[in-house]
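Undergrad: kindly return the folded structure for what I paste below:
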Amino acid sequence: MGTKKISAAALMALREALSVVYWYKQDLERFLRACLYDTPLITHLNWNAYKREIVSELVERLAKNEPANQDALLRLMIEVSQITDFSHLAKLDGGAEKVKKAKDAVVALRQQIKGLDELLRDQKAIEETRARHHSHQKKISGVVSALEQLNTEFKALIRETNPHKRGYKLEKILKGLFDVFDLDPRASFKIIGEQIDGAFTFDNTDYLLEAKWQRNPVNVGDLDRLQAKVSRKLDNTLGLYVSVNGYSEDGLEAFKYDRPKLYLVDGADLMAVLENRIDLQSLLKRKKREASQTGNIYLRISEII
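TA: Next comes the predicted model:
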């Protein structure tokens with residue numbers, strides 16, 4: 001975009017519209033993830049705050065470095081201004097008032113966008129932004145559809161009592177997740193008893209993967225075996241352990257003060273990804289950063305979202 005800045009009035013109109021077009025924070029988060037390509041930015045917002053505080057934090061972060069973020073701000077303004085269906089608000093208590101407030105805020109934002117079009121004098125750039133968003137939205141829709149299918153398969157596994165069948169189906173689900181989030185699996189996952197072994201590359205780091213769905217939590221011996229495997233590899237190698245039923249206290253305590261070369265995922269983490277509450281890459285980045293900075297290899301999903 002050009003050197004001209006988006007006006008303070010336009011930014012205020014965006015804040016107001018984003019604050020009222022969705023009532024539930026979960027719906028707002030889905031909308032923002034669909035509009036903005038920088039999903040880590042969305043993940044790192046304080047989603048425990050009030051909705052207006054969340055929106056203000058987002059707009060302020062984008063506006064703080066407007067030369068780099070002007071495209072994202074315009075894309076967000078355009079998408080909000082095109083909202084015409086407010087049926088999700090009409091179903092709530094005081095729905096009519098909520099709908100009116102949202103419509104008025106969207107109309108006010110549209111007026112600001114007209115001024116931006118004149119200010120930028122570059123309708124082609126805005127159309128290109130819309131085209132990029134349309135292409136990205138198609139990709140997002142494909143991801144959501146794939147996650148819904150995998151989520152259905154994962155929930156069906158809860159009723160599966162045969163360990164071998166459960167391991168085989170879990171292997172397929174993990175492969176599906178890795179494919180959806182472009183995690184570059186370099187070796188086929190192999191089932192050994194109830195355990196799945198594999199390898200993949202993510203964020204310029206090679207990973208060894210072990211996964212289990214067994215009745216008892218994974219213990220210190222299981223974690224030690226993965227740590228030993230990782231230690232025999234090159235320095236740029238980490239381990240990822242996936243245990244649907246979590247980890248024993250002795251296992252966590254043993255790695256509390258050690259220099260970790262692995263971090264842990266459990267069933268709650270998988271459910272959050274399958275329900276599209278966080279994407280897998282963002283989940284792994286948060287867990288890796290926590291392990292690197294604090295030594296905590298088991299950051300719970302409840303501490304992330």
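Undergrad: tell me where the chain has helices.
TA: Counting by DSSP state H, the chain has helices at residues 8-20, 25-35, 39-43, 51-64, 66-81, 87-90, 95-120, 123-157, 163-180, 220-231, 249-254, 267-274, 280-294.
Undergrad: which stretches of the stretch 151-300 of the chain have low pLDDT?
TA: The model of the stretch 151-300 of the chain has pLDDT under 70 over residues 185-196, 257-258.
Undergrad: and of the helices of the chain, who's closest to residue 261?
TA: Ranking those by their distance to residue 261 (criterion: CB to CB) puts helix 220-231 first, at 4.6 Å. C-beta: built from backbone N, CA, C; applies to glycine.
Undergrad: packing partners of the closest one?
TA: Packing contacts for helix 220-231, counted by 3 or more CB pairs under 8 Å, 6 or more residues apart in numbering; DSSP states H and E, involve strand 205-212, strand 237-243, helix 249-254, strand 262-266.
Undergrad: pLDDT weak spots in the stretch 1-150 of the chain?
TA: In the stretch 1-150 of the chain, residues with pLDDT under 70: 1-3, 37-39, 117-141.
Undergrad: how near is the nearest residue to residue 36 once chain neighbours are set aside to residue 94?
TA: Leaving aside its sequence neighbours, residue 36 sits nearest to residue 72 (CB to CB, 6 or more residues apart in numbering; 5.7 Å). To residue 94, residue 72 is 32 Å away according to CB to CB, to the nearest Å.
Undergrad: before we move on, what about residue 208?
TA: Distance from residue 208 to residue 94, by CB to CB: 54 Å.
Undergrad: so these two - more neighbours on which side?
TA: residue 208 (22 against 9; other CB atoms under 10 Å).
Undergrad: correct me, but that one touches residue 227?
TA: No - contact between residue 208 and residue 227 fails when scored by CB atoms under 8 Å: they sit 9.9 Å apart.
Undergrad: find residues that contact each of these two.
TA: residue 239 (CB atoms under 8 Å, 6 or more residues apart in numbering).
Undergrad: right, and residue 282 touches residue 45 too?
TA: No - between residue 282 and residue 45 there is no contact under CB under 8 Å: 11.9 Å.
Undergrad: quick check: which of the helices and strands packed on helix 220-231 is nearest to residue 51?
TA: strand 262-266 (29.3 Å).
Undergrad: partner strands of that closest one, with direction?
TA: Its sheet considered, strand 262-266 pairs with strand 237-243 (parallel) by DSSP bridges.
Undergrad: neighbours of the nearest residue to residue 43 once chain neighbours are set aside, how many?
TA: Nearest non-adjacent residue to residue 43, counting by CB to CB, 6+ apart: residue 282, 4.7 Å away. Close neighbours of residue 282, defined as other CB under 10 Å, add up to 19.
Undergrad: got it, and the one 10 residues further on?
TA: The number of residues packed around residue 292, counting by other CB under 10 Å, is 13.
Undergrad: show me the contacts for it.
TA: If you count contacts by CB under 8 Å, 6+ apart, residue 292 has none.
Undergrad: and the chain, split by domain according to the record?
TA: 8-121, 148-303 (automatic domain parsing).
Undergrad: any idea how far the residue nearest to residue 69 when sequence neighbours are not counted lies from residue 210?
TA: Closest residue to residue 69 apart from its sequence neighbours, by CB to CB, 6+ apart: residue 62 at 4.3 Å. Separation of residue 62 from residue 210 (CB to CB): 40 Å.
Undergrad: and if you look at residue 288?
TA: In terms of CB to CB, residue 288 sits 16 Å off from residue 210.
Undergrad: for the helices and strands packed on helix 220-231, give me a markdown table that also has distance to residue 116.
TA: Shown next, in a markdown table, are these (distance: least, CB to CB, whole Å):
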| stretch | distance to residue 116 |
| --- | --- |
| strand 205-212 | 41 |
| strand 237-243 | 45 |
| helix 249-254 | 52 |
| strand 262-266 | 43 |
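Undergrad: on that earlier part again, so for residue 288 and residue 210, which residue has more residues nearby?
TA: residue 210 (22 against 19).
Undergrad: quick check: the more buried one touching residue 226?
TA: Yes - with contact defined as CB under 8 Å, residue 210 reaches residue 226; the gap is 5.1 Å.
Undergrad: now do the shared contacts for these two.
TA: Jointly contacting residue 210 and residue 226 under the rule CB under 8 Å, 6+ apart are 239, 241.
Undergrad: returning to what we had before: export the helices of the chain as CSV, with columns for distance to residue 301.
TA: Formatted as CSV, the helices of the chain follow (distance: least, CB to CB, whole Å):
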stretch, distance to residue 301
helix 8-20, 25
helix 25-35, 15
helix 39-43, 12
helix 51-64, 19
helix 66-81, 27
helix 87-90, 26
helix 95-120, 31
helix 123-157, 15
helix 163-180, 15
helix 220-231, 19
helix 249-254, 16
helix 267-274, 5
helix 280-294, 8
